[in-house]
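A.B. asks: Okay, sequence plus prediction incoming.
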Amino acid sequence: MKITKQNIQFIDNYLKNSEVDYYDIRMEMLDHVATAVEQKMQADNLDFYDAFKSYMVLNKRGLMEQNENTLKHNYQVIIPFLKYCLKPISLSIFVLCYTFFFYVIQEHDLLFVCLRMIWTVYLLMIVQVLFQARNYYFNQKKRFYSVEKNSAILFIVYQPLNLLNITLIGKRESATLFEGIIITFFLSWLIIFMIYNSKEKKRVENINKSFLP
């Protein structure tokens, strides 16, 4: 016996009605439940609804507690992103951004470069916010827990950059190399953040596709 697309939709609706609101958390849970129910159907020769009912009687409380614990310990969702920052692709982005920075300051005024980089960061932050809004309002109102909680990084980036922007505008003379290095770091970090969120969204979307017949 194989689980069907309609069965998958049934489980998804059940979890949604059980207040598992975040799409990425729900897809991880859906994958787990669907696999367990399919195994129970095959092992005990049950139809889907009997296997599902039998599984949920024993496991629903644990699943709901798992959901609550994930929401309570929201700092844990940042850890995968920090690990992603150490991957070769992320380190390559850091290297490329710093290479570009040191090349450009040979040709242009350092203050000019720093201000343009800050404005680039602001622009990318706006793009990220619009991207998240598009996902919610035009993609069946799907909320991604990892994306929303990792967005706290945008706030972390914005505060020191805003101070730097005010400081540099107030100088109107020159910026320091240290300020340029800090701004380049934040720019690199934000680019990595956007790539990570995009990949995380695709990974979650693929979970649903992976076990559909």
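C.D. replies: Here it is on my side, so go on.

A.B. asks: Next, the nearest residue to F48 once chain neighbours are set aside: secondary structure please.
C.D. replies: Nearest residue to F48, sequence neighbours excluded (Cβ to Cβ, 6 or more residues apart in numbering): N7, at 4.8 Å. Backbone N, C-alpha and C define where each C-beta goes, glycine included. On the three-state scheme (DSSP: H, G, I helix; E, B strand; the rest coil), N7 is labelled helix.

A.B. asks: Okay, strands next: where are they in this structure?
C.D. replies: Along the chain, no stretch is classed among the strands by DSSP state E.

A.B. asks: Okay, buried residues for the lengthiest helix in it please.
C.D. replies: Longest helix in the chain, counting residues (DSSP state H): helix 177-210. Residues of helix 177-210 classed as buried by neighbour count (16 or more other Cβ atoms under 10 Å): 179-180, 183-184, 186-193, 196-197, 200-201, 204-205, 207-208.

A.B. asks: Packing partners of it?
C.D. replies: Packing partners of helix 177-210 (3 or more Cβ pairs under 8 Å, 6 or more residues apart in numbering; DSSP states H and E): helix 23-44, helix 78-84, helix 88-107, helix 110-138, helix 145-150, helix 152-171.

A.B. asks: mind showing which ranges of the chain have poor pLDDT?
C.D. replies: 1, 73-75, 135-141, 171-173, 207-213 (pLDDT under 70).

A.B. asks: quick one: stretch 68-81 to chain centroid distance?
C.D. replies: The chain centroid and the centroid of stretch 68-81 are separated by 12 Å under Cα atoms, centre = their mean, to the nearest Å.

A.B. asks: What distance separates the opening and closing residues of that stretch?
C.D. replies: This stretch, stretch 68-81, spans 21 Å end to end (Cα to Cα, to the nearest Å).
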